[in-house]
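1. Everything below, folded, please.
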Amino acid sequence: QVQLVESGGGLVQAGGSLRLSCARSGRTFSGDSMAWFRQAPGKEREFVAAISWSGGSTYYAVSVKGRFTISRENAKNMMYLQMNSLKPEDTAVYYCAADSHVTITTMTHSNEYDYWGQGTQVTVSS
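-> Numbering: from 1, shown residues only. Just a heads-up that it's a prediction; the model follows:
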(Lines give C-alpha, C1' and ligand atoms only; values in the text may rest on other atoms or scores of the structure.)
Protein backbone atom coordinates (compact mmCIF):
# COMPACT_ATOMS: atom_id res chain seq x y z
CA GLN A 1 0.00 0.00 0.00
CA VAL A 2 1.15 3.52 -0.78
CA GLN A 3 0.26 6.61 1.23
CA LEU A 4 0.44 10.10 -0.23
CA VAL A 5 0.20 13.32 1.78
CA GLU A 6 0.06 16.76 0.18
CA SER A 7 1.12 20.00 1.82
CA GLY A 8 1.90 23.58 0.90
CA GLY A 9 -1.51 24.87 -0.08
CA GLY A 10 -2.84 28.20 1.10
CA LEU A 11 -4.18 31.60 0.18
CA VAL A 12 -2.20 33.73 -2.25
CA GLN A 13 -2.87 36.81 -4.35
CA ALA A 14 -3.05 36.62 -8.10
CA GLY A 15 0.43 36.69 -9.58
CA GLY A 16 1.92 35.01 -6.54
CA SER A 17 3.58 31.63 -6.10
CA LEU A 18 3.13 28.47 -4.07
CA ARG A 19 5.04 25.22 -3.86
CA LEU A 20 3.08 22.06 -3.21
CA SER A 21 4.74 18.95 -1.83
CA CYS A 22 3.64 15.33 -1.89
CA ALA A 23 5.22 12.96 0.60
CA ARG A 24 5.08 9.29 -0.19
CA SER A 25 5.33 6.38 2.26
CA GLY A 26 4.48 2.72 2.47
CA ARG A 27 5.26 0.20 -0.22
CA THR A 28 7.67 1.60 -2.78
CA PHE A 29 8.08 0.37 -6.32
CA SER A 30 10.12 1.51 -9.21
CA GLY A 31 8.73 2.65 -12.50
CA ASP A 32 5.70 4.49 -11.22
CA SER A 33 4.58 7.79 -12.63
CA MET A 34 3.18 10.52 -10.43
CA ALA A 35 0.86 13.37 -11.15
CA TRP A 36 -1.01 16.36 -9.82
CA PHE A 37 -4.72 16.81 -10.37
CA ARG A 38 -7.05 19.53 -9.13
CA GLN A 39 -10.74 19.90 -8.49
CA ALA A 40 -12.61 23.17 -8.19
CA PRO A 41 -16.07 23.39 -6.57
CA GLY A 42 -18.74 22.06 -8.90
CA LYS A 43 -16.21 20.86 -11.45
CA GLU A 44 -14.68 17.53 -12.36
CA ARG A 45 -11.18 16.60 -11.27
CA GLU A 46 -8.74 17.71 -13.95
CA PHE A 47 -5.18 16.84 -14.88
CA VAL A 48 -2.49 19.38 -14.04
CA ALA A 49 0.90 17.75 -14.54
CA ALA A 50 2.63 14.37 -14.58
CA ILE A 51 6.19 13.13 -14.24
CA SER A 52 7.88 9.87 -15.08
CA TRP A 53 9.80 7.74 -12.58
CA SER A 54 13.16 9.17 -13.60
CA GLY A 55 11.85 12.70 -13.80
CA GLY A 56 13.11 12.90 -17.33
CA SER A 57 9.65 13.26 -18.83
CA THR A 58 7.10 15.80 -17.72
CA TYR A 59 3.68 16.70 -19.07
CA TYR A 60 1.42 19.65 -18.39
CA ALA A 61 -2.11 20.76 -18.99
CA VAL A 62 -2.27 23.60 -21.47
CA SER A 63 -3.75 25.87 -18.82
CA VAL A 64 -0.67 25.63 -16.58
CA LYS A 65 2.18 25.09 -19.04
CA GLY A 66 4.85 27.73 -18.61
CA ARG A 67 3.64 28.64 -15.11
CA PHE A 68 3.84 25.34 -13.18
CA THR A 69 6.80 22.99 -12.81
CA ILE A 70 6.54 19.40 -11.59
CA SER A 71 9.55 17.64 -10.09
CA ARG A 72 10.39 14.69 -7.86
CA GLU A 73 13.13 13.45 -5.57
CA ASN A 74 12.89 9.66 -5.40
CA ALA A 75 15.58 9.38 -2.73
CA LYS A 76 13.37 11.48 -0.45
CA ASN A 77 10.08 10.00 -1.65
CA MET A 78 8.88 13.48 -2.55
CA MET A 79 7.14 15.15 -5.47
CA TYR A 80 6.64 18.88 -5.92
CA LEU A 81 4.58 21.35 -7.90
CA GLN A 82 6.02 24.84 -8.19
CA MET A 83 3.20 27.19 -9.15
CA ASN A 84 4.05 30.68 -10.39
CA SER A 85 1.94 33.50 -11.81
CA LEU A 86 -1.11 32.08 -10.11
CA LYS A 87 -4.54 33.07 -11.33
CA PRO A 88 -7.93 33.00 -9.59
CA GLU A 89 -8.95 30.16 -11.90
CA ASP A 90 -6.19 28.03 -10.35
CA THR A 91 -8.24 27.92 -7.15
CA ALA A 92 -8.97 24.28 -6.34
CA VAL A 93 -8.10 21.35 -4.14
CA TYR A 94 -4.88 19.86 -5.47
CA TYR A 95 -4.27 16.12 -5.27
CA CYS A 96 -1.17 14.06 -5.90
CA ALA A 97 -1.50 10.62 -7.43
CA ALA A 98 0.73 7.67 -8.23
CA ASP A 99 0.53 4.53 -10.31
CA SER A 100 2.93 2.15 -12.00
CA HIS A 101 0.77 1.38 -15.03
CA VAL A 102 -0.09 4.75 -16.53
CA THR A 103 1.25 5.49 -19.98
CA ILE A 104 1.69 8.61 -22.05
CA THR A 105 -1.79 8.12 -23.45
CA THR A 106 -3.46 7.53 -20.08
CA MET A 107 -1.60 9.75 -17.65
CA THR A 108 -4.15 12.55 -17.90
CA HIS A 109 -6.98 10.25 -16.83
CA SER A 110 -7.64 10.32 -13.09
CA ASN A 111 -9.23 6.87 -13.09
CA GLU A 112 -5.90 5.37 -14.15
CA TYR A 113 -4.27 6.15 -10.81
CA ASP A 114 -4.59 3.78 -7.87
CA TYR A 115 -3.09 5.93 -5.13
CA TRP A 116 -4.25 9.38 -4.05
CA GLY A 117 -3.54 11.90 -1.34
CA GLN A 118 -6.22 13.70 0.65
CA GLY A 119 -5.71 17.01 -1.15
CA THR A 120 -4.53 20.49 -0.23
CA GLN A 121 -6.54 23.67 -0.82
CA VAL A 122 -5.11 26.40 -3.03
CA THR A 123 -7.01 29.68 -3.11
CA VAL A 124 -5.94 32.54 -5.38
CA SER A 125 -7.54 35.90 -4.71
CA SER A 126 -7.96 38.54 -7.39
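2. Which stretches in this protein count as strands?
-> Applying DSSP state E to the chain gives strands spanning 2-7, 10-13, 18-26, 33-39, 46-51, 58-60, 68-73, 78-83, 92-99, 115-116, 120-125.
3. Off-centre distance for the third one?
-> Chain-centre distance of strand 18-26: 9 Å, with Cα atoms, centre = their mean, to the nearest Å.
4. Run through the bridge partners of the residue sitting nearest the centre point of the chain.
-> By Cα atoms, centre = their mean, the chain has its centre lying nearest to residue 36, at 1.8 Å. Residues in a beta bridge with residue 36, per DSSP bridges, are residue 49, residue 96.
5. circling back: dump the strands of the chain to JSON lines, plus mean pLDDT.
-> Output for those, formatted as JSON lines (pLDDT from 0 to 100):
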{"stretch": "strand 2-7", "mean pLDDT": "95"}
{"stretch": "strand 10-13", "mean pLDDT": "98"}
{"stretch": "strand 18-26", "mean pLDDT": "95"}
{"stretch": "strand 33-39", "mean pLDDT": "96"}
{"stretch": "strand 46-51", "mean pLDDT": "97"}
{"stretch": "strand 58-60", "mean pLDDT": "96"}
{"stretch": "strand 68-73", "mean pLDDT": "97"}
{"stretch": "strand 78-83", "mean pLDDT": "97"}
{"stretch": "strand 92-99", "mean pLDDT": "96"}
{"stretch": "strand 115-116", "mean pLDDT": "96"}
{"stretch": "strand 120-125", "mean pLDDT": "98"}
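6. Packed most tightly, which of those would that be?
-> Counting by mean count of other Cβ atoms under 10 Å, strand 33-39 has the highest mean neighbour count of the strands of the chain, with a mean of 24. For glycine as for every other residue, the C-beta is placed from the backbone atoms N, C-alpha and C.
7. follow-up on the earlier one: tell me if I'm right that the residue nearest to the centre of the chain and residue 96 touch.
-> Yes - here residue 36 lies in contact with residue 96, judged by Cβ atoms under 8 Å, at a distance of 5.8 Å.
8. Please enumerate the shared neighbours of those two.
-> 20, 22, 79 (Cβ atoms under 8 Å, 6 or more residues apart in numbering).
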